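Asks: coords please:
(one chain, ligands or ions: 2)
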Amino acid sequence: MENPFIYGHLNDISEFVNRSADIERLRQNIENKINTILLSPRRWGKSSLVKVLEKKSGLPKKYVFCHIDMFNFKSDEDFYYHFSNAILHSTSSKFDELVANMKEYLSSLTPTISLEYGGLGKISFDFSSSEGEQSFMDILNLPEKIAKKKNIRLVVCIDEFQNLSRFKDPLLFQQRLRASWQHHQHVTYILYGSKRSMLSTIFEKQSMPFYKFGDVLYLKKIEASHWISYIQRRFRRSDKKISKKFAVKITELMECHTYYVLQFSHILWNNTEEQVDEKIFEKSTTDIIERNSLLYETVFENLSVNQIKVLIMLAENPKGKFTGAKLIKKYDLGTSSNVIQAMNALEFKEIIDRFEGYPMFVDPVFRLWMNVRVLKK
Ligand SMILES: Nc1ncnc2c1ncn2[C@@H]1O[C@H](COP(=O)(O)OP(=O)(O)OP(=O)(O)O)[C@@H](O)[C@H]1O
Ligand SMILES: [Mg+2]
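Replies: Ligands and ions are numbered 1, 2, ... in the order given. So this is what the prediction gives:
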């Protein structure tokens, strides 16, 4: 029998747990023409949420979704290329229509089109021969122009938005986007990604172009009660048993972290013949640490001595007073500025995040790995 707990990708909308309040907020924002900035630490479920939004929100057909993932983008040219292709593809049903839109709205870029088997064709540009600023604006205004002409509402969803920091001039890039997008009446933007500290600088710092661009939504974890019934239901349907006690224990040990609740449940299900017991649960805990340990070893090797000390301090003193003299002395960190510096670096590396004011491990299994491999040594 197939394991009912899938992690790493969402196969089917029926696998999606709750998030009804987030979906409702996004739906309202779209209807009210409010852009959304969606932020959370890694693997809490941003991409999946936006992926199911189209189906789950129940928005009428005139709302057309367009998805762009900046995961691989290394320059703003990558962005302009993929952005224009994604907009043209999501709004054109036929090759002729795509070409007509391209000619009508992107002529300043002298685009070329290459045909792909089974696809509508891909357009590309030679930016060196383009008309500079006007060309960028033509691309950025493409969604508004097409949506207006077709009398549709476009919802442009851009994943891993924090990757704009890799571009040569991130500030100029943001200024261009803002200058164009703030005038759009037929398009709503959903911009999302991790690296919370960096993204919140982009959207919440007054001096930045994207300040007050939209509703900033900090995604929360899925509540334990939803996980518990989901886990029990999936075990039951696949003819295995898990008592409520162990389902609760999963959410506690994995701190309701979306990806890890699923991975732990997956491993636990594999290890279980009929019914989950203490021994199987223990083995599954060892297994999940083992399964991820290669990654953690690499992460750990790349930490500075102070970063390691701060992580140990954090593991041993959750919610402690980290810049206080007592802990600084105990962990031999010298000064409070050393602690702050190490914490900022760990936050930038997405190893820790500040929830409700407290720095915490982003990855609950990394914390377990630290306990076993570093603290108990
Ligand atoms: N509501 C949900 N119900 C069930 N599974 C989910 C849900 N949300 C996310 N997942 C699963 O959790 C994993 C992580 O989700 P996803 O990739 O959407 O997170 P993310 O926040 O976009 O991560 P990253 O920051 O790494 O891009 C995926 O395997 C996905 O299938
Ligand atoms: Mg994602």
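Asks: Surely residue 310 touches residue 333?
Replies: Yes - counting by CB atoms under 8 Å, residue 310 does reach residue 333; the two are 7.1 Å apart. Every residue, glycine included, has its C-beta placed from N, CA and C.
Asks: Can you name the residues of the protein sitting close to ligand 1?
Replies: Proximity of the chain to ligand 1 (CB under 6 Å from any ligand atom) is limited to residues 7-10, 15-17, 19, 40, 42-48, 194, 222, 258-259, 262.
Asks: Only the buried members of those residues: can you turn that into a PyMOL selection?
Replies: Only the buried entries of the residues of the chain next to ligand 1 go into this PyMOL selection, using 16 or more other CB atoms under 10 Å:
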select buried, resi 7+10+15+16+17+19+40+42+43+44+45+46+47+48+194+222+258+259+262
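Asks: so who does the nearest residue to residue 201 once chain neighbours are set aside touch?
Replies: Using CB to CB, 6 or more residues apart in numbering and skipping the chain neighbours, the partner closest in space to residue 201 is residue 208 (6.8 Å). Residue 208 sits next to 171, 174, 201-202 when contact means CB atoms under 8 Å, 6 or more residues apart in numbering.
Asks: Grab the nearest non-local neighbour of the residue in the chain that ligand 1 sits nearest to.
Replies: Proximity of the chain to ligand 1 (CB to the nearest ligand atom) peaks at residue 45, 2.8 Å away. Once flanking residues are discounted, residue 45 sits nearest to residue 258: 4.6 Å by CB to CB, 6+ apart.
Asks: Hmm, that neighbour is touching residue 223, no?
Replies: No - with contact defined as CB under 8 Å, residue 258 does not reach residue 223; the gap is 11.5 Å.
Asks: Can you tell me how far residue 298 is from residue 183?
Replies: Distance of residue 298 to residue 183, computed by CB to CB, to the nearest Å: 46 Å.
Asks: what do you get for residue 303?
Replies: 46 Å.
Asks: Comparing those two, which residue is more hemmed in?
Replies: residue 303 (17 against 9; other CB atoms under 10 Å).
Asks: What about the residue lying closest to that one once chain neighbours are set aside, how many residues nearby?
Replies: Computed as CB to CB, 6+ apart, the closest residue to residue 303 that is not its neighbour in sequence is residue 311, at 7.2 Å. Applying other CB under 10 Å, we find 25 residues neighbouring residue 311.
Asks: What score does residue 311 have for pLDDT?
Replies: Here, the pLDDT recorded for residue 311 equals 94.
Asks: My read is that residue 183 contacts residue 144, right?
Replies: Yes - look at residue 183 against residue 144 with CB under 8 Å: they come within range, at 7.3 Å.
Asks: check contacts around residue 164.
Replies: So residue 164 contacts 70, 73, 76, 79, 170, 173-174, 202 (CB under 8 Å, 6+ apart).
Asks: could you redo the last one with a cut-off of 10 Å?
Replies: 70, 73, 76, 79, 158, 170-171, 173-174, 177, 191, 193, 198-199, 202 (CB atoms under 10 Å, 6 or more residues apart in numbering).
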